[in-house]
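J.: Provided below are the primary sequence and the corresponding predicted coordinates.
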Amino acid sequence: MACRDRNRIALQADLMGIAALGLHNILALTGDPVKAGDHPQAKPVFDLESVRLLRIIGQLNQGVDSEDRPLPDGATQFFAGAAVDPQSASWSGLQQRFERKLAAGAQFFQTQLVTDFERLAKFMDRIAAGCGRPILAGIFLLKSAKNALFINRVVPGASIPQHIIDRLAAAADPLDEGMSIAAEQVQQARELCQGVHLMAVRREDLIPEILNRAGIPPLSGSPAPLAKTPHSP
């Protein structure tokens, strides 16, 4: 749930609708700048940002709205998390924002796209250690060198290193190479944090194969990932 483009009334209405549908897990985000999208002239609405949204979710879980008025149907049961960027240029800013989100009630954290695992290790050791909240590393399936360059150009905060771009460019099958890169990153993240958030935009069907290559066994009762998932070049 992103704060951008909706005020607190609309956000609370969305949250009440989500609760009515029986959904409980929420990732509270501020949202990217409007100018990063395809409607750069649109007027942005940032009545709240992620920390204040987390606080409002906490109030709803206590049975009141943002004005401390009782909810007619009782308290919600949201399990709210937040985003974090271990590759942020400002280390002090990263720590302050992480601590503010913890204090606001974040129960888990998902990182932005991670490619620097030394930086992730430093974040886990120096900032996240002892917080008692699971950290999920963001792993992005890159489909080609062109795709990686596009991500670097248009996604705020993304920084895919040149050696990965070169590896994709040299591959006979870039998508297959991208799956291998993602699997290797899952293995690296596994040694550092509590889980991963796999982003395979428009190719979510490939996630089981990525996990298979990373050596992650299927959950009990789930079908095993295919040895090879067919895909188009």
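T.: Arrived safely, thanks for sending. Numbering: from 1, shown residues only.
J.: And for S88, nearest residue in space, chain neighbours not counted?
T.: L94 (4.3 Å; C-beta to C-beta, 6 or more residues apart in numbering). Heads up, the C-betas are built off the backbone N, CA and C, glycines and all.
J.: Okay, and the one you found sits in which element?
T.: Using DSSP states H and E, L94 sits within helix 91-103.
J.: In terms of secondary structure, what does that helix contact?
T.: Under the contact definition 3 or more C-beta pairs under 8 Å, 6 or more residues apart in numbering; DSSP states H and E, helix 91-103 sits against helix 50-61, strand 79-84.
J.: what's the spacing between that helix and its chain's center?
T.: Here helix 91-103 is found 16 Å from its chain centre; the criterion is C-alpha atoms, centre = their mean, to the nearest Å.
J.: Over the helix or strand just after that helix, what's the mean pLDDT, rounded is fine.
T.: Going down the chain from helix 91-103, the next helix or strand is strand 109-113, by DSSP H and E. The average pLDDT for strand 109-113 rounds to 96.
J.: go on, stretch 214-231?
T.: Stretch 214-231 comes out at a mean pLDDT of 65.
J.: who's in contact with the residue of the chain most remote from its centre?
T.: Farthest-out residue of the chain from its mean C-alpha position, per C-alpha atoms, centre = their mean: P72, at 32.4 Å. By C-beta atoms under 8 Å, 6 or more residues apart in numbering, P72 lies in contact with nothing.
J.: Quick check: phi and psi at it.
T.: Backbone geometry at P72, expressed as degrees, to the nearest 10, gives phi -60, psi -30.
J.: what's the spacing between it and E118?
T.: Distance of P72 to E118, computed by C-beta to C-beta, to the nearest Å: 51 Å.
J.: go on, I216?
T.: Distance from I216 to E118, counting by C-beta to C-beta: 22 Å.
J.: what about these two, which has more around it?
T.: Per other C-beta atoms under 10 Å, whichever of I216 and E118 has more neighbours is I216, with 16 against 10.
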